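In: Give me the fold of what follows.
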Amino acid sequence: MTQCAKVLDGGFSSQLSRHVGAKFDDDPLWTARFLQTNPSAVYNTHLDYLRAGAEIIETNTYQASVPGLMKYLNISMDESLALLAKAVELAKQAVVTYMKENTTNDKQGGEKPLVAGSCGPYGACLHDKSEYTGAYGKSMSRQELMDWHRPRIQALLDAGVDLLALETIPYAEEADALVELLREFPRARAWLSFSCRDDRHIADGSDFREVAVRCYRALPEQVVAVGVNCVPPNYVKTLLQGINKEERSQDFIPLIVYPNRGGCYSETDEWIPVPDDQRINLPVLDWLDLGVRYIGGCCKVFAEDIGAIRSLVNRCHPAEQRH
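Out: Predicted coordinates:
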């Protein structure tokens, strides 16, 4: 029987662009710059996804590293850490507003949405698309990766996120580093989602299923799910098939998937985009049968798309659990 899943938000940059009326792909801070320059747009983007039915929203911190904020905003370390905390506060404010709206509108039930602290890979801060190749992997040790990720994770947890989104991971060693780093924060819960080059391998060429299962089994008390994000939807089924082939509950691995609208990298590492209005085919119910327990969208997946996912997931929710 199909099980229920939590609905995530969609592509933050895509939805945010509707509020600021501009594209910003060439900015080394990407959307994180708006934490300083236009926080109301960040808040409203969160609210768009909550109103569409998202039960978990991510902070606007994917490309916001402490060194990056210091360099590109010309601010101090303390100011950078404060900006990360502000990202959490903006998401929480949106949740408060959404819950008040529910009360005002006399909606029944509905759990309070969660806030996940978005942590992109080291490659995201390089702003050279290496989160889709893992090219930096050979030049960094596991300890260096842990040391780079630690300040942001600490800041997000200190600010009160409900869980961490360790996402778009292109490199197996970085995934292992993140699992090891999580042990330093035993109360933290996180998902790990990978950047994949095709329907079998993560970006560095490692076998996706092997790496994902290893990461989950290494720390099941803290890793709430493993899966993929920012992959074309047609990759998803093959990537996830077989992870939950065993029906015994003790072997079950919760999966997470939030694909993009269909964009991907070519064999020559050139990004092949798709139009914002390209029809998106998300066989949500089939993915739930594979063990997906968290589902949303990534680049070019807008609030209305999350609303459509919400409607599909509602088919397997008891009525009293729906928003």
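In: When you work out contacts or count neighbours from here on, use the C-alpha atoms and nothing else.
Out: Will do.
In: Quick check: the gap between residue 69 and residue 28.
Out: As judged by Cα to Cα, to the nearest Å, residue 69 and residue 28 stand 10 Å apart.
In: The two: who's more crowded?
Out: residue 69 (24 against 19; other Cα atoms under 10 Å).
In: Not counting its neighbours along the chain, what's nearest that one?
Out: Closest residue to residue 69 apart from its sequence neighbours, by Cα to Cα, 6 or more residues apart in numbering: residue 80 at 5.8 Å.
In: what do you get for residue 126?
Out: Computed as Cα to Cα, 6+ apart, the closest residue to residue 126 that is not its neighbour in sequence is residue 28, at 7.7 Å.
In: shouldn't that neighbour be in contact with residue 129?
Out: No: look at residue 28 against residue 129 with Cα atoms under 8 Å: they stay out of range, at 10.9 Å.
In: Spell out which residues are contacts of both of the two.
Out: Common neighbours of residue 28 and residue 129 are not found (criterion: Cα atoms under 8 Å, 6 or more residues apart in numbering).
In: Can I get the one helix or strand residue 307 maps to in PDB? Just the C-alpha atoms.
Out: If you go by DSSP states H and E, residue 307 is part of helix 303-314. As requested, the backbone C-alpha atoms of helix 303-314 are provided in PDB (Å, rounded to 0.1, in the frame of the first residue of the first chain):
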ATOM      1  CA  ALA A 303       4.800  27.100  -6.000                       C
ATOM      2  CA  GLU A 304       2.000  25.900  -8.300                       C
ATOM      3  CA  ASP A 305       4.000  22.700  -8.900                       C
ATOM      4  CA  ILE A 306       4.300  22.100  -5.200                       C
ATOM      5  CA  GLY A 307       0.600  22.600  -5.000                       C
ATOM      6  CA  ALA A 308       0.100  19.800  -7.600                       C
ATOM      7  CA  ILE A 309       2.500  17.500  -5.700                       C
ATOM      8  CA  ARG A 310       0.500  18.300  -2.500                       C
ATOM      9  CA  SER A 311      -2.700  17.200  -4.300                       C
ATOM     10  CA  LEU A 312      -1.200  13.900  -5.400                       C
ATOM     11  CA  VAL A 313       0.200  13.200  -1.900                       C
ATOM     12  CA  ASN A 314      -3.200  14.000  -0.400                       C
END
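In: And the pLDDT for the residue nearest to residue 126?
Out: Predicted confidence (pLDDT) for residue 28: 88.
In: Am I right that residue 256 sits in a strand?
Out: Yes: read with DSSP: H, G, I helix; E, B strand; the rest coil, residue 256 is one of the residues of a strand.
In: What is the burial count for it?
Out: Neighbours of residue 256 using other Cα under 10 Å come to 29.
In: give me the number of residues near the spatially closest residue to residue 15 that is not a sequence neighbour?
Out: In space, residue 15 comes closest to residue 302 once its chain neighbours are excluded; the distance is 5.7 Å by Cα to Cα, 6+ apart. Residue 302 has 26 neighbouring residues, counting by other Cα under 10 Å.
In: Hmm, residue 302 is touching residue 17, no?
Out: No: at 10.5 Å, residue 302 does not count as touching residue 17 under the criterion of Cα under 8 Å.
In: For residue 5, give its distance to residue 57.
Out: Counting by Cα to Cα, the separation of residue 5 from residue 57 is 14 Å.
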